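Asks: Following is a predicted model, sequence given first.
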Amino acid sequence: MTVLRLWISVLLMVLAAPLAAVEPDEMLDDPLLEKRARHISDGLRCLVCQNESIDESNASLAKDLRILVRERLIEGDSDSEVVDYIVARYGEFVLLQPTTGGWNWVLWATGPIGFLLALLIAAGYLRARSKAPVKPVEGLSAEEQARLDEIMKG
């Protein structure tokens, strides 16, 4: 019976793990505003954790950002205005999905361009290697062959 209780406890913890880190005192009374806040928070990076959204993070900075998002929504800002406000304060790094505009296109294009460049270099190397003259393989001299035969018999 205790094993069953242990498994149930583990199952409940696993099911509770994906829940957001949003605390009850942060939630808005208006379900529509809360839904908008969750949608915005889902796209903002926790600057402490860096690979989690602020909705998933328990860091104090993430909590401050969640509260800031909700404050801006209560003041009447649109979703894009809230995101622009936070990006203006914390930089574009706060976005989990950075924009491709401006100089960011260089970052987005570097990977594919590097891959194509590597393919071109590899193709050029293989083509040059296939056209290179093949050195003739020299066989053993009669003296070396006789010595080898002697060793093999011996």
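Replies: Ah, there it is. Numbering: from 1, shown residues only.
Asks: CA only for contacts and neighbour counts going forward, please
Replies: OK.
Asks: any idea how far Thr99 is from the residue most central in space within the chain?
Replies: Most central residue of the chain, judged by C-alpha distance to the mean C-alpha position with C-alpha atoms, centre = their mean, is Asn51 at 7.5 Å. Distance of Asn51 to Thr99, computed by C-alpha to C-alpha, to the nearest Å: 17 Å.
Asks: sorry, back to before: and the residue nearest to the centre of the chain, helix, strand or coil?
Replies: coil (DSSP: H, G, I helix; E, B strand; the rest coil).
Asks: give the contact list for Glu52.
Replies: Residues in contact with Glu52 (C-alpha atoms under 8 Å, 6 or more residues apart in numbering) are Arg45, Cys46.
Asks: how far away is it from Asp77?
Replies: Glu52 is 24 Å from Asp77, by C-alpha to C-alpha.
Asks: Show me which helix runs longest in this protein.
Replies: Longest helix of the chain, by residue count under DSSP state H: helix 104-131.
Asks: Just the CA atoms from the helix or strand where Arg89 lies would do, formatted as CSV, please.
Replies: Assigned by DSSP states H and E, Arg89 falls within helix 79-90. Taking Å, rounded to 0.1, in the frame of the first residue of the first chain, the C-alpha atoms of helix 79-90 are listed here in CSV:
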residue,chain,number,x,y,z
ASP,A,79,-0.1,43.3,-26.1
SER,A,80,2.4,44.7,-28.5
GLU,A,81,2.8,47.9,-26.3
VAL,A,82,3.5,45.7,-23.2
VAL,A,83,6.2,43.7,-25.1
ASP,A,84,7.7,46.9,-26.6
TYR,A,85,7.8,48.5,-23.1
ILE,A,86,9.6,45.5,-21.6
VAL,A,87,12.0,45.2,-24.6
ALA,A,88,12.8,48.9,-24.2
ARG,A,89,13.7,48.4,-20.6
TYR,A,90,15.5,45.0,-20.8
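Asks: Could I get the buried residue list for it?
Replies: By neighbour count on 16 or more other C-alpha atoms under 10 Å, the buried set for helix 79-90 is Asp79, Val82, Val83, Tyr85, Ile86.
Asks: Thought Lys35 was touching the first one, still the case?
Replies: No - Asp79 lies out of contact with Lys35 (C-alpha atoms under 8 Å); the separation is 11.1 Å.
Asks: circling back: and the nearest residue to the residue nearest to the centre of the chain once chain neighbours are set aside, what does it touch?
Replies: Once flanking residues are discounted, Asn51 sits nearest to Arg45: 6.8 Å by C-alpha to C-alpha, 6 or more residues apart in numbering. By C-alpha under 8 Å, 6+ apart, the contact list for Arg45 reads Asn51, Glu52, Ser53, Ile54, Phe93, Val94, Leu95, Leu96.
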